[in-house]
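In: Structure for the following, please:
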Amino acid sequence: MKMGVSLMVEVELLYEDGTLANGAALQLESKDFVIGKPLPHIQLSYRFKESSLLHGNRKFRLRARPKNKYSSFLPAVTEPILVIKYKLNVINSLPEQFFKDQGGRDKSMQLKVKLTDVRGKCVRLQRSMPLIVQLCYEKTRQPVPNQAEILKLMGGSTPQIRTNGRTEILFRIEEVSSRHQRNKFVLCIAPDVERCPLNGNVLAVYSSGVTILSKPTGTTTRKRARKMQYFQPGISPQIGKCMEDALAASKRPRVALSDPKQAIDDVIKWSTYTCDVIRSIQCQPIGYELNSDGSPNTDLKIYRCPSCYQSSTGQQNNHTSDCTLNKIITMYTERVGPGIADILKCKEDDEESVARVFESKQNDEAVIDSANTGHEDAVAPSPAADNDFNNSLGIEGLTIDMHNSPCLAALTAQDGPVPQLERFTSLSEIWDKDVDSPCFLDSDKMVHFVFMKLFHNGATNMGFPAFDKSFKLTGFYQENAGVFRQSVIHLSLDSLKIQTSKVREVEKEFKKNISLGTSDSKGLTKCLKDYKNLSEMKQDITLFLSSNVCI
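Out: Model prediction:
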């Protein structure tokens, strides 16, 4: 409080009921207290010379009030103060729960109590001090009704502090907490002032709380209400399940036959259609934003992803970092889409190459027809000559059907028109074409090295291993007794059933041969960069076979 004048204050000692007490029981460090100069408050330092025992175990109060003419100010009174010399302390804590019907009627709890002074040291007595034990509620500290029937002290004797300043109280509680509104119980241990009034300067103590139960809850056969299981928002698809099913189907002894070209077209169509559907459902409208007046704004729709349940406003699609739907769309945009475009481009290039081959063939026939027309005496090619040529290769009546030829059928469009020239009557009609034409290219486009050492898969001679630039096995070159003039053909590794361990062994042996760098090792390796093209390297392999050199 701040004011313009100084205020003299006097301090008095009262009892709890407000009556004046003997001032000799209180010692103040100073008797002149002034408020206003230099501070607007005062600080009291005091001590009691006598305990409440000498005053009928009554509590004290301190009262500060102004002197002289300022008596109209209200005085300040402290809370009741109990002045003691000793106090009781509980050494141990009670258990959180006590099962009264388990362990027999003699099962009890133990509470250890000791008498201490102001410094916490145990006090020894000349004779024992009787105690009073009461059962109270933990929250309110109020005594329990009918506690004489509820609290049972074991041993039959009255508890008391022994001369060593310690004691142990054994007791049990005969009623469960559920009958007392599930309140916990505590014990109040105090000196028996009625039997020994001189013990009034000892402070009572409360124990920790304990819950009284009948028996532990065991397993029961009674059916309990099933807890409601609420579904989680969003979806959690099993990514990779279809791939596992496809791999398992590919390892079966019998696999359903299908056209590889048709299968590729179906995969492309299914991938593009599926991506279109996923993009259309990745954000579904669930409502509208609100205007300032609370009405819905139909121009601002609210969208939500059905996978990650992330909401967004407008056209922007928001997804969480682990959204499965967004990952699939991103994978298509970055990898699958460009791959499909590359496949379609290769397919168009192959169709154009085939068209050029047939156009060249028709031009050559037109030149031959015009030459025969201008020179009637010219000798026409004898069919017997073609037959002699075919017979020299051990082939009778060679006929190439574009519909059944796997090489040409793989290069024609699925729904494209069938060329007019559908059949070749002899090898001489196709031999004048470039053997490196896309019409006749085998699956050896990636071949860069050939290891001139025969590889056997069990009892089967697979031929010479072929490798790409990174020394990966792509297939094998075998001696060809087929229709074309090529003496060697390439068998793709994908079409052969060779164990992975054997493939690794071949690659390891080839790398070792490359690293040696000796003249013998160089003779075993054919490299594409040493030739003009792949056809020249194949001819060299053919010469190697004709020399009957077997390593």
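In: So for stretch 51-66, what gets flagged as buried?
Out: 51-53, 55, 57-58, 60-62, 64, 66 (16 or more other C-beta atoms under 10 Å). C-beta here means a position set from N, CA and C on the backbone, and glycine is covered the same way.
In: helix, strand or coil for Ala64?
Out: Secondary structure, DSSP: H, G, I helix; E, B strand; the rest coil: Ala64 is strand.
In: Cys346 too?
Out: helix.
In: can I get the CA coordinates of stretch 311-325 in CSV?
Out: Coordinates of each C-alpha in stretch 311-325 appear next as CSV, following Å, rounded to 0.1, in the frame of the first residue of the first chain:
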residue,chain,number,x,y,z
SER,A,311,-7.8,-32.7,-49.0
SER,A,312,-7.2,-29.8,-51.5
THR,A,313,-9.1,-26.9,-53.0
GLY,A,314,-9.2,-26.0,-56.7
GLN,A,315,-7.3,-28.0,-59.3
GLN,A,316,-4.1,-28.6,-57.3
ASN,A,317,-3.9,-32.2,-56.1
ASN,A,318,-2.4,-32.6,-52.7
HIS,A,319,-0.9,-36.0,-51.5
THR,A,320,1.1,-37.2,-48.6
SER,A,321,4.6,-38.4,-49.2
ASP,A,322,3.6,-42.1,-48.8
CYS,A,323,0.5,-41.9,-50.9
THR,A,324,0.3,-45.1,-53.0
LEU,A,325,-1.9,-43.6,-55.7
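In: for Ile35, what are its contacts?
Out: Shown in contact with Ile35 (C-beta atoms under 8 Å, 6 or more residues apart in numbering): 1, 6-7, 9, 41-42.
In: any weak-confidence spans in the chain?
Out: 1-5, 37-38, 69-71, 218-236, 254-257, 315-316, 349-443, 480-487, 517-522, 548-551 (pLDDT under 70).
In: domain assignment for it?
Out: Per automatic domain parsing, the structural domains of the chain span 7-77, 86-213, 262-343, 351-372+382-431, 449-546.
In: Show the end-to-end separation of the last one, please.
Out: Read it as domain 449-546. 20 Å (C-alpha to C-alpha, to the nearest Å).
In: What values do phi and psi take at Cys275?
Out: Per-residue torsions, Cys275: phi -60, psi -40 (degrees, to the nearest 10).
In: Equivalent analysis for the one 10 residues further on, please.
Out: Here the main-chain torsion angles of Pro285 (degrees, to the nearest 10) amount to phi -70, psi 130.
In: Please name the nearest non-neighbouring residue to it.
Out: Spatial nearest neighbour of Pro285, excluding adjacent residues (C-beta to C-beta, 6 or more residues apart in numbering): Lys301 at 4.8 Å.
In: Give me the number of neighbouring residues for that neighbour.
Out: 18 (other C-beta atoms under 10 Å).
In: Specify the beta-bridge partners of it.
Out: Under DSSP bridges, the beta-bridge partners of Lys301 are Tyr288.
In: Please name the nearest non-neighbouring residue to Gln142.
Out: Gln142 sits nearest to Cys136 (C-beta to C-beta, 6+ apart), 6.1 Å away.
In: What is the burial count for the one you found?
Out: Per other C-beta under 10 Å, the neighbour tally for Cys136 reads 20.
In: Would you double-check that it falls in a strand?
Out: Yes - under three-state DSSP, Cys136 sits within a strand.
In: what kind of secondary structure is Tyr303 in?
Out: Applying three-state DSSP: Tyr303 is strand.
In: dump the residue contacts of it.
Out: Counting by C-beta under 8 Å, 6+ apart, Tyr303 has contacts 283-286, 311-313, 317.
In: Scan these and report the most crowded one.
Out: Ranked by the number of neighbours (other C-beta under 10 Å), these place Cys283 first, at 22 neighbours.
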